[in-house]
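**Q** Okay, structure incoming, though there's no sequence with it:
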DNA sequence: TCGGTATGTTGACAGTGTTAACTGAGCGAT
DNA sequence: ATCGCTCAGTTAACACTGTCAACATACCGA
């Protein structure tokens, strides 16, 4: 086809890396359509490809959704790292990471809903490890370790889970309309992030 | 029909309070089918009624789901009140309520998933009030007020949101497989519930 | 050059939410 | 007591979804 010039690399086949294209349009659809679900056929249609072509790259709709979840957590990690940069003190960096979690969820509500709704089939915690092994999870655990250098393993795990549960629950409650979307209030709640 | 004898009251019409029957079978289905979604037609079929009969009592599938959310929060309030009974001290009662939240979610995973997935269209917080006005929400706010008698309104709101976000996020993370389902670990995290 | 396989296509099937048109039970007014 | 209206249910159909089977074709190595 004629888009051979637009694609830079991996341009190996018919479409040239359709898998990444599907994920990209999925993310774009989740940015545009603020509310509601997303469909396998819809993603395929918007990518300009037949619906069943998706099955050459994902066994299920669930697998496609899981890939979107992974992509979402990657974007979240980007936002968190960017938010941490301007701060020097370790606790300030930590709080910035927590704020970034909630702000990301409020800025991308549809994507975050997919992330929470399909989280269970993407990177579950293996072998007793706490929180999934994506970049966002590692970022959190690394910061906890830097913040509690003298703590034992269990203590760090508890701190990790508490922090994550706080921001995750807060984001979801605000998105669900159970907590008013008041930045000052949200900041006040997240300021508890990292108090031990 | 012949089930006139089985129904005690409200037996006014063809089915006799079909609305409640639909909610009841919806809850039953959510207990039985541990994972996955629930369907309008499925609920109708299991109730022994035509699919379109649902539309005489609910404008949407969303409305039916919202009713299930309300019913779920009512059952949650029951569990929380029962869990609070044996404790005397106010902080112990408070922690028991928090534990009950997580345990309820883990005991009824499909129902809890529906509750979180459709929470946004059932009892959103009106006029700046914090958390929805169901029994579970009032129970939490009353206990916060008893626990922080000298606190200002904003301080109580922040405490309410922090508590709710902690247990809600924890429950969801465990259900999503991001946190191991270890009762001791969960108890350790929830023990932070109500520390100020 | 040729055969095989990776990557796409069309067509079909079961199942979903939703609407329109229809039927009949129950109750109030005459 | 009967008429008529409205409530509460039905069947039929539509557009849509996820998924499978069968088919077509572009690429790549022998």
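**A** Everything's here; your move. All figures in this text were calculated on a predicted structure; none of them were measured in a lab.
**Q** residues in chain A within reach of chain B, list them.
**A** A:116-117, A:119-120, A:124-125, A:128, A:130-132, A:154, A:157-158, A:161-162, A:164-170, A:172-173, A:175-180, A:185, A:188-189, A:192 (C-beta under 8 Å from any C-beta of the partner chain). No exception for glycine: its C-beta is placed from N, CA and C like everyone else's.
**Q** Which of those fall within strands?
**A** Taking DSSP state E, every one of the residues of chain A next to chain B sits outside strands.
**Q** Just the buried ones among those, please.
**A** Buried residues within the residues of chain A next to chain B, counting neighbours by 16 or more other C-beta atoms under 10 Å in any protein chain shown: A:116, A:119-120, A:124-125, A:130-132, A:157-158, A:161-162, A:164-170, A:172-173, A:175-180, A:185, A:188-189, A:192.
**Q** How about the residue sitting nearest the centre point of chain A: what's its closest non-neighbour residue?
**A** Geometric centre of chain A, nearest residue: residue A:73, 2.4 Å, by C-alpha atoms, centre = their mean. The spatially closest residue to residue A:73, leaving aside those adjacent along the chain, is residue A:134, at 4.5 Å (C-beta to C-beta, 6 or more residues apart in numbering or on different chains).
**Q** which parts of stretch A:106-125 are buried?
**A** A:108-116, A:118-120, A:122-125.
**Q** what about that stretch, near DNA strand D?
**A** No - counting by C-beta under 7 Å from any atom of the strand, DNA strand D has no neighbours in stretch A:106-125; the shortest distance is 11.9 Å.
**Q** returning to that earlier point: give me the distance between the residue nearest to residue A:73 and DNA strand C.
**A** Distance from residue A:134 to DNA strand C, counting by C-beta to the nearest atom of the strand, to the nearest Å: 25 Å.
**Q** got it, and residue A:90?
**A** Per C-beta to the nearest atom of the strand, residue A:90 is found 45 Å from DNA strand C.
**Q** thinking again about what came up before, pull the contacting residues for the residue nearest to the centre of chain A.
**A** Counting by C-beta atoms under 8 Å, 6 or more residues apart in numbering or on different chains, residue A:73 touches A:115, A:132, A:134-137.
**Q** Tell me which two of these sit farthest apart.
**A** Across the contacts of residue A:73, the longest distance by C-beta to C-beta is 13.8 Å; it joins A:115 and A:135.
**Q** so does the helix or strand harbouring residue A:68 get close to DNA strand C?
**A** In this assignment (DSSP states H and E), residue A:68 forms part of helix A:61-84. No - residues of helix A:61-84 contacting DNA strand C under C-beta under 7 Å from any atom of the strand: none, with a closest distance of 12.8 Å.
**Q** How far off centre is that helix?
**A** On the basis of C-alpha atoms, centre = their mean, to the nearest Å, helix A:61-84 sits 3 Å off its chain's mean C-alpha point.
**Q** C-terminal to that helix, which secondary structure element comes first?
**A** Assigned by DSSP H and E, the successor of helix A:61-84 is helix A:90-107.
**Q** ok, residues contacting that following helix?
**A** Outside helix A:90-107, the residues within contact range by C-beta under 8 Å, 6+ apart are A:75-76, A:79-80, A:82-84, A:86-87, A:112, A:139-140, A:143-144, A:146-147, A:163, A:166-168, A:170-172, A:174-175, A:181, A:186-187, A:190-191, A:193-194.
**Q** can you rerun that using 6 Å?
**A** A:76, A:79-80, A:83-84, A:87, A:112, A:143, A:146-147, A:167, A:170-171, A:186, A:190, A:193-194 (C-beta atoms under 6 Å, 6 or more residues apart in numbering or on different chains).
**Q** Ok, stretch A:143-158 next?
**A** A:90, A:94, A:130, A:159-160, B:188-189.
**Q** mean confidence score for it?
**A** For stretch A:143-158, mean pLDDT rounds to 95.
**Q** Quick one: the helices in chain A, in order.
**A** For chain A, the helices defined by DSSP state H occupy A:18-32, A:40-47, A:61-84, A:90-107, A:109-117, A:135-147, A:153-175, A:183-190.
**Q** Test my guess that residue A:41 contacts residue A:50.
**A** No - at 9.5 Å, residue A:41 does not count as touching residue A:50 under the criterion of C-beta atoms under 6 Å.
**Q** thinking again about what came up before, now tabulate the helices of chain A in a markdown table and tack on distance to residue B:45.
**A** Formatted as a markdown table, the helices of chain A follow (distance: least, C-beta to C-beta, whole Å):
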| stretch | distance to residue B:45 |
| --- | --- |
| helix A:18-32 | 32 |
| helix A:40-47 | 25 |
| helix A:61-84 | 23 |
| helix A:90-107 | 36 |
| helix A:109-117 | 25 |
| helix A:135-147 | 42 |
| helix A:153-175 | 32 |
| helix A:183-190 | 43 |
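**Q** Ok, which of these comes nearest residue B:68?
**A** Of the helices of chain A, nearest to residue B:68 by C-beta to C-beta is helix A:109-117, at 16.5 Å.
**Q** got the angle between that closest one and helix A:153-175?
**A** 140 degrees (axes from the mean of the first three to the mean of the last three C-alpha atoms, to 10 degrees).
**Q** Quick one: list the elements packing against helix A:109-117.
**A** Other helices and strands packing on helix A:109-117, by 3 or more C-beta pairs under 6 Å, 6 or more residues apart in numbering or on different chains; DSSP states H and E, are helix A:61-84.
**Q** Go again with 8 Å.
**A** Secondary-structure packing of helix A:109-117 (3 or more C-beta pairs under 8 Å, 6 or more residues apart in numbering or on different chains; DSSP states H and E): helix A:18-32, helix A:61-84, helix A:153-175.
**Q** could you give the mean pLDDT of the first one?
**A** For helix A:18-32, mean pLDDT is 97.
**Q** Which parts of that helix count as buried, going by neighbours?
**A** So, applying 16+ other C-beta under 10 Å, buried residues of helix A:18-32: A:18, A:21-23, A:25-27, A:29-30.
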